[in-house]
Every structure is written in C-alpha cells, then in structure tokens.
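>>> Next one to model:
(4 chains)
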Protein chains: 2
Amino acid sequence: MLISEAARLFGNKGYENTSMRDIAAAVGILPGSLYHHFSSKEELFVAVYSFAVSQSVDAVKTAIKTRPDPWVRLEAACIAHMQGLLDKNRFAAVLVTHPSASGLPEQVVTLRDSYEAVFKDLIAELPLPAGIDQRIFRLGLLGAMNWAITWYRPCGETPASIARKLLSATRRE
Amino acid sequence: MLISEAARLFGNKGYENTSMRDIAAAVGILPGSLYHHFSSKEELFVAVYSFAVSQSVDAVKTAIKTRPDPWVRLEAACIAHMQGLLDKNRFAAVLVTHPSASGLPEQVVTLRDSYEAVFKDLIAELPLPAGIDQRIFRLGLLGAMNWAITWYRPCGETPASIARKLLSATRRE
DNA sequence: CTTCTAACCAAACAATCGCTTGTTTTGCAA
DNA sequence: TTGCAAAACAAGCGATTGTTTGGTTAGAAG
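Residues are numbered from 1 along each chain as shown, chains lettered A, B, ... in the order given. Down below sits the predicted model:
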C-alpha cells in the first residue's frame, strides 16, 4: 500500500532523506506515477502523517479502554505509544521525524495537536500535586518517549518496559 | 566565525536543509572556499558538533561547580542545558538536529556520549529509590529537555523555568 | 464494439546538491 | 622588495532532487 510504504520510509530515513524515487521503487511504480495520486511530496507527507496520527489515536484509545485507574490508563497509553514508535511496523515513527526546519505544514500541526490532546485528557485525570504544570508534564513525558527513537535498539529492552520505567520515574510512590 | 555560523545554521535548519552554499554565504565567502578548511560537509559538521559539545560541557560544569546538594546540582545542569539549547545563541541546538538517518558518524556518537556522561555522574549522586533505572532516568530526562526544541517559543516560559518544572515532575517531594 | 477514465510508463525538465579544478588575491616573513 | 603559502575566487563537474509532459494500457460502462 502506498501510504504505509511511504510511512515506513519517512519513519526510517526522515523526510529529507526519502526521495520520491525511493517511495516509487518501494511501491513498484515509476517516480512520475506518484503524481497521479499526490500533487507534491509535501501533500503525500501530510497524508502519511494523517494516517499515522489516526493509527496512533486508535491504538492509544483501545489501550486505555476498560482501564479505570488514572495512572494505569496513562501507563497503558504510554506503552501503546512506545510500541507504535519502536515496534516492527513503527507506524508512529513518522510523527517524530519531520524536523521543524522552515516550518512544518499547518495541517500537520493540527493533526499532532489532536493526538497530544489524548494525553492531555489522561494527565488531567491524574491526582497530581498542586505544583505540577500539566502542560510541561505532558510535553516532558512525550519528549522522553519520542526521544527514545534516537537510542532504542531492538536487541535491548522492550518498548513496553521502557514506557513503564519512564513513567515510574515521574510517579511518586 | 566559521564554526559558530555553521552551528547556527545547522541548529536552526538541520543538517540536510543546510547547504554548503548557505554556510559560505553566511560567512561571506564562496562555496568552494569552504573546502580549504574542511574536506567535506560531514567533516565540517563533526567540527561543529565537537565545538557544541565542548561549549555545553563547559556550561554545565560551570553551573554545577560550588553546588553541593545532588538535586540542586542536577537542576543547575538542566538549566544550563536548556539555556544552551533554547536561548539566543543556541550553541547546543546542533546536538539534537542531526537525525539518525543512515547512521551518524562515529566521532559524533563518541562526543555525544562524553556529554551525556556528565549527566550520568550527576544522576549517580542522587538518592533515588531502588527501583529506578538510572540509564532510563537519564535518557528520559535528556529526551524531555531536548524535545523542547520542537515546541519552545521565545515569547513563553523561560528555559530555566521549563527545566525546573521538568525536573520537579521527577523529583519526589 | 466503442468510449471513457483511472493508472501507469517513458523521458526529460530546471534547480540544487556536494565537490573539484585552476587561478588569483592576501598577508606575513626574509 | 621579494617570495611563498594560506585563503579566497571563478567556473563548472556529475549526480540527484522534485516535478512535468505526453503517450500507453487496462477495465468498466454504454
């Protein structure tokens, strides 16, 4: 499938290092034929990003369903996020690969915000101490998780284990 | 200065989006003249990265000097890191812009490890609960901080304030 | 069978990339 | 003043980029 192949390439090599020829070759068509489906590389990327966001939202919402305890819900969401980011299909990797260089398209910002809103709600449920800034807490947690894509190795710890450990550092006894 | 101008461009636009022509224009020479100082773009980037690492190490070590309390030391280090990453000269921004695409040069990995070793030592000093994985704690904290480059806006909170809030979420009362 | 359209091929376009080559300028030392 | 090496210029190389154009194929509808 075109979108998922492009997502895999964007996620693995980044936006700039993935050429339209790379994507075409992965799908098995000629480069020019891509422009029958998308009018530009950026439009294709937006479609890929949108696909990744909906996949991630689904994965997280499925994971937190039926869990009542706020901390357990957040942990389940983090595990789902890390698995989407680091496991074999890595559909969420594209969410963290587009650099902010020269401004990323407006639609992408909106999509990203819609995903982070899920975590915003989960954090709002937590019985956090009064002094904790929920926004910074959310951005910090997402950063700690997303940064893992720079150091994670498949041979080491499992993504779920990493997620649990990252969260345990923020959760007081 | 050549290195600092290149660092500013690499930090702002990323490695792939910064051309040798961009750097030459910023310094005020012709593109080909850069190859009198560095034999390749990658060699120039390694020099820039090395410069950024030594700047960052100096800033952090200066910040923690004379501080005795382990948590205060780590907080001072985080504030210094965030300021180098986000403040006006942003000499540390280049440390987080090179994507892992197709493997980053070996020297860069060594340099990055030498910087993270400073944080490793600081965390080893902490009176952390037995269950906390120090390595994951370090990677999570650095990720939470480095990720701020994707959402930080100069008009908002100060880098030092962000650093304190990020750390307060991990520090148990 | 004809007609139409979506999908793709084949070939190339202009622009930009990192980099090379040969020459000229600059600045300092003898 | 002369000599020399570092530094910068001037021009272009081959390769790759995103993209365009025009023709070809396949399958469904009439």
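>>> got the buried residues for the longest helix that chain A contains?
Counting residues, the longest helix in chain A under DSSP state H turns out to be helix A:41-64. Neighbour counts over helix A:41-64 (16 or more other CB atoms under 10 Å in any protein chain shown) mark A:41, A:44-53, A:55-57, A:59-60, A:63-64 as buried. All C-beta spots, glycine's among them, are computed from the backbone N, C-alpha and C.
>>> Ok, stretch A:106-121 next?
For stretch A:106-121, by 16+ other CB under 10 Å, it's A:108, A:111-112, A:115, A:118-119.
>>> Neighbours of the residue in chain A that DNA strand C sits nearest to, how many?
Nearest to DNA strand C in chain A, going by CB to the nearest atom of the strand, is residue A:32, at a distance of 2.9 Å. Here the number of neighbours of residue A:32 (other CB atoms under 10 Å in any protein chain shown) works out to 10.
>>> Now find how far off-centre the longest helix of chain A is within its chain.
Its chain's average C-alpha position is 8 Å from that of helix A:41-64, according to CA atoms, centre = their mean, to the nearest Å.
>>> what's the answer for stretch A:130-147, then?
15 Å.
>>> can you list the residues of chain A near DNA strand D?
A:18-22, A:31-32, A:34-35, A:39-42 (CB under 7 Å from any atom of the strand).
>>> What backbone torsions are found at the residue nearest the centre of chain A?
Nearest to the mean C-alpha position of chain A, counting by CA atoms, centre = their mean, stands residue A:92 at 3.6 Å. Note on residue A:92: its backbone torsions stand at phi -90, psi -10 [degrees, to the nearest 10].
>>> how about the nearest residue to it, chain neighbours excluded?
residue A:84 (3.5 Å; CB to CB, 6 or more residues apart in numbering or on different chains).
>>> tilt between the helix or strand hosting that neighbour and helix A:41-64?
Secondary structure from DSSP states H and E places residue A:84 in helix A:70-86. Counting by axes from the mean of the first three to the mean of the last three CA atoms, to 10 degrees, helix A:70-86 lies at 140 degrees to helix A:41-64.
>>> who's in contact with residue A:93?
Residue A:93 is in contact with A:7, A:10-12, A:85-86, A:149, counting by CB atoms under 8 Å, 6 or more residues apart in numbering or on different chains.
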